[in-house]
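Chemist: need coordinates for the following:
(2 chains)
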Amino acid sequence: MTDILRSWIGGALPDWLIVLIAYLLVTIIVLFYAVGNFILMVWAERRVVARMQDRLGPNRVGPAGLLQPIADAVKMFTKEDIVPRSADRWVHLLAPIVSLAPVAMMLAVVPWGRGWEPIDLHVALLYIVAVSAVSGVGLMMAGWGSNNKFALLGAMRAVAQLVSYEIPAVTALLTVVVLAGGMSLLGLPYLQAGVPLMGATILCGDPAGCSPLLYTTITSFPGSANEPVQALDLGLGWWVFTPVGLLGFIVFFIAALAEGERTPFDIPEADSEIVAGYMTEYSGMKFATFYIAQYILNFALSALAATAFLGGWQGPGVAALANMGGPWVHVAAALSGFYLLAKIWILFFVMIWLRGAFPRLRVDQLMDFAWKLLLPLALVNIVSASLMVGLTQWTGAQWGGLISLDGFAPWQRQLIAILVTAIINIAATYWILSINQRPTQEEWDEELVIAP
Amino acid sequence: MNTLITILFVIFAALILTSAIMTVTVRNIVHAALWLISSFFGVGALYLLMEAEFLGVAQVLIYVGAVSILILFAIMLTRDLEGSQNRQLTPRWWIALIVPAALFGLLIVPTVMTHAWQLPPPPLAGQPPAISGAQQIGTAFMREYLLPFEVAAILLLVAMIGAIVIAFEERERRRRVLTLAEQVRLRQQQQQPAPRPEPAATAIQASEATGSET
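Modeler: Numbers count the residues shown, from 1 in each chain, chains lettered A, B, ... in the order given. Just a heads-up that it's a prediction; the model follows:
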């Protein structure tokens, strides 16, 4: 974006102003993209849940109810803004802003398509985790500032859930850091090129005879000492197809459900227990701000899960179009943007589906689930990921002479690594699940109480 | 670019100082915690200004995301938040002012005097500027500073185990609510003429007594 602006109006304005304008433009585009998706997500959620519950859902405003969000927005804007008399006025006002701002900041580092990257941050994964933790402060402010018991209870539940599910989520993301060898999000889709399961390890035998539609030159190919190689690339070498990526994706997606307060984990706003949690005392646009924050958080977490495990914008045809050069690069960019959006929407549909299918967990079940199941699985997965990297990329010298795989072709090493990690992951998953399903031993005398 | 960075530095410095002063002067403890958070943010922004991305992000993650949320948790569960009758100054406030100021001066004066400061740091000649620093920090922790790193890790582990030991109530007996089927079975047993006093019935009466207490 900066370069385009420089070529257009480079002479007329000082350089720092051009940089500033470019950043502002990108920010506006990304925010509009997210809010447009938010509007569609609200509509889709209401319609799909209605379909699952054998209802109709909103279908009056516009074709199939598509304009319902606009009617909702008009209602939200014209609603009276009520602040309880005993509330802390400033904290009550700032809370929705503090919870929305970090969520919007998460969108800045996601690569939305091939070459559509707002900011290249070297610590992007850590940045997303850090920024999403900040929104907990906003929830706390809402809960305390409302001066309402239910709001405070909801805020406590929300923050406890956020803090404890951050640990499995971050541990699952660590596998991605190990596999990618860095915390940048931009490189992740490039690393997930190739074919399912094997990744970009099926090399071209004859450099002259390989069609650029099927084979891509990959410079950061693991294990090749940074020589550019020609590898078979269908854009499907997503990490979710490998055992390590599959386990990591499952753990991360469940933790993301809890962080986004989606239904099996919607304890903080359990409306049958504590009204609406921390949002109890909010009305009008302040309530809508919380609502937007929640949906954009779901959107951003889906985008992160898609980028980290589902290949991001990678898909069949993107690399082929990009290799054709010329104007086709822009077509490839548009196609890759569509792929990422499709993946985000599929993940969001799974979220809606879970909402239609599962009841709410109890608080103790929630904590047990995080600490006894997700965290051990994620820890085992880190070991598997390290083995995967070691088996596919390390030379015999790096192993210290322990194992030497130097004589094998890349695809053979990849196959060995997949076998080893699959055995480890399946065994560990089976073992941890069986431990968790074992009935607790009676370690103490029980005193029996009749339910009141 | 340098003037822009200087302006940003002044803005962030003013933010940090204002927030810090508000933190210690505001009477409401929750407000003090919120001002503290804004001060932490300012420090994170200063790190980013020095192109230490990793440190800046870690500052936000640890201080804003974890420490201040714990502080807020602890404060919100206490009473008397307004603290209208709490004193803000002790009689010997000037000692409390002098000692930290002297210690801070001992640290800061030699550092400022002996180091040439520049924002942003000039890139080393012949090398691309090291932007993230995450890899350098990781290498340093795993090689040169391995012992302090491990000692800090063990300290944190001990603190965590201690917290669990303190919080975990030692229970000899656990109370369990009967399921519906067990209740029905017990009621049937009670309705039948009992040949001898059943232990189950006494247990239930005892538990009913304790249940009404709680």
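
Chemist: spit out the contact partners of residue 42.
Modeler: Unless you meant another one, I'm taking chain A. Contact analysis of residue A:42 by CB atoms under 8 Å, 6 or more residues apart in numbering or on different chains lists A:69, A:72, A:291, A:295. Every C-beta, even on glycine, is put in place using the N, C-alpha and C of the backbone.

Chemist: chain B, not that one
Modeler: Applying CB under 8 Å, 6+ apart to residue B:42 gives the contacts B:12, B:13, B:15, B:16, B:19.

Chemist: all helices for chain B, in order.
Modeler: B:2-25, B:29-49, B:53-59, B:68-76, B:93-114, B:134-142, B:146-167, B:180-191, B:199-213 (DSSP state H).

Chemist: what's the closest non-adjacent residue to whatever residue of chain B ends up closest to chain A?
Modeler: Of all residues in chain B, residue B:65 sits closest to chain A, at 2.9 Å by CB to the nearest CB. Sequence neighbours aside, residue A:133 is the residue nearest to residue B:65 in space, at 2.9 Å (criterion: CB to CB, 6 or more residues apart in numbering or on different chains).

Chemist: residue A:167 is in contact with the one you found, correct?
Modeler: No: using CB atoms under 8 Å, residue A:133 is not in contact with residue A:167, being 11.3 Å away.

Chemist: neighbour count winner among the two?
Modeler: Between residue A:133 and residue A:167, counted using other CB atoms under 10 Å in any protein chain shown, residue A:133 has the larger neighbour count: 23 against 15.

Chemist: so which helix or strand takes in that one?
Modeler: helix A:124-145 (DSSP states H and E).

Chemist: that helix - contacts with which helices or strands?
Modeler: helix A:89-106, helix A:149-180, helix A:284-309, helix B:29-49, helix B:53-59, helix B:68-76 (3 or more CB pairs under 8 Å, 6 or more residues apart in numbering or on different chains; DSSP states H and E).

Chemist: in stretch B:39-52, what counts as buried?
Modeler: Buried residues in stretch B:39-52, defined by neighbour count with 16 or more other CB atoms under 10 Å in any protein chain shown: B:39-52.

Chemist: apart from its neighbours in sequence, what residue is nearest the spatially most central residue of chain B?
Modeler: Nearest to the mean C-alpha position of chain B, by CA atoms, centre = their mean, lies residue B:67 at 2.2 Å. Among residues not flanking residue B:67 along the chain, residue B:40 sits closest, at 8.0 Å (CB to CB, 6+ apart).

Chemist: does the one you found touch residue B:60 like I think?
Modeler: Yes: contact criterion CB under 8 Å: residue B:40 and residue B:60 qualify, at 7.4 Å.

Chemist: before we move on, back to that, gap between the residue nearest to residue B:65 and residue A:142?
Modeler: Separation of residue A:133 from residue A:142 (CB to CB, to the nearest Å): 16 Å.

Chemist: so how far is the one helix or strand residue A:341 maps to off the chain centroid?
Modeler: Assigned by DSSP H and E, residue A:341 falls within helix A:328-357. The chain centre lies 12 Å from the centre of helix A:328-357; the measure is CA atoms, centre = their mean, to the nearest Å.

Chemist: other SSEs contacting that helix?
Modeler: Applying 3+ CB pairs under 8 Å, 6+ apart, one finds that helix A:328-357 contacts helix A:15-52, helix A:243-259, helix A:284-309, helix A:318-324.

Chemist: between these, which gets the lowest average pLDDT?
Modeler: Among the helices and strands packed on helix A:328-357, helix A:318-324 carries the lowest mean pLDDT, a mean of 77.

Chemist: what residues of it count as buried?
Modeler: Judged by neighbour count (16+ other CB under 10 Å), helix A:318-324 contains these buried residues: A:318, A:319, A:320, A:321, A:322, A:323.

Chemist: pretty sure the second one contacts residue A:237?
Modeler: Yep, that's residue A:319 we're talking about. No: the pair residue A:319 / residue A:237 is not scored as a contact, 10.4 Å apart, by CB under 8 Å.

Chemist: which neighbours do these two have in common?
Modeler: Listed as contacting both residue A:319 and residue A:237 by CB under 8 Å, 6+ apart are residue A:193.

Chemist: before we move on, what SS does residue A:57 have?
Modeler: Following DSSP: H, G, I helix; E, B strand; the rest coil, we place residue A:57 in the coil state.

Chemist: residue contacts, it?
Modeler: A:46, A:47, A:49, A:50, A:51, A:65.

Chemist: before we move on, the earlier item: so which of the contacts of residue A:42 comes closest to residue A:366?
Modeler: residue A:295 (21.6 Å; CB to CB).

Chemist: that closest one: neighbouring residues, count only.
Modeler: 22.

Chemist: repeat that for residue B:71.
Modeler: 18.

Chemist: can you give me the helices in the stretch 351-452 of chain A?
Modeler: With DSSP state H, counting those that start in this stretch, the ranges of helices along the stretch 351-452 of chain A come out as A:363-368, A:375-393, A:410-437.

Chemist: which of the residues in the last one are buried?
Modeler: Okay, so that is helix A:410-437. The neighbour-count check on helix A:410-437 (16+ other CB under 10 Å) flags A:410-411, A:413-418, A:420-422, A:424-425, A:428-429, A:432 as buried.

Chemist: ok now it, how far from the chain's centre?
Modeler: Here helix A:410-437 is found 24 Å from its chain centre; the criterion is CA atoms, centre = their mean.

Chemist: residue ranges with poor pLDDT in chain A?
Modeler: Scanning chain A with the threshold set as pLDDT under 70 gives A:1-12, A:205-209, A:212-213, A:217-229, A:270-272, A:439-452.

Chemist: domain ranges for it?
Modeler: What automatic domain parsing lists as the domains of chain A is A:1-78, A:79-439.

Chemist: want to throw those domains into CSV with distance to residue B:168?
Modeler: Written out in CSV, the entries for these read as follows (distance: least, CB to CB, whole Å):
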stretch, distance to residue B:168
domain A:1-78, 41
domain A:79-439, 14
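
Chemist: ranking those domains by burial, who's on top?
Modeler: domain A:79-439 (a mean of 19; mean count of other CB atoms under 10 Å in any protein chain shown).

Chemist: about what we covered before: report the buried members of the contacts of residue B:42.
Modeler: Buried members of those, scored by 16+ other CB under 10 Å, are B:12, B:15, B:16, B:19.

Chemist: residues touching the closest residue to the last one other than its chain neighbours, list them.
Modeler: Nearest non-adjacent residue to residue B:19, counting by CB to CB, 6+ apart: residue B:39, 3.7 Å away. Applying CB under 8 Å, 6+ apart, one finds that residue B:39 lies in contact with B:15, B:16, B:19, B:20, B:23.
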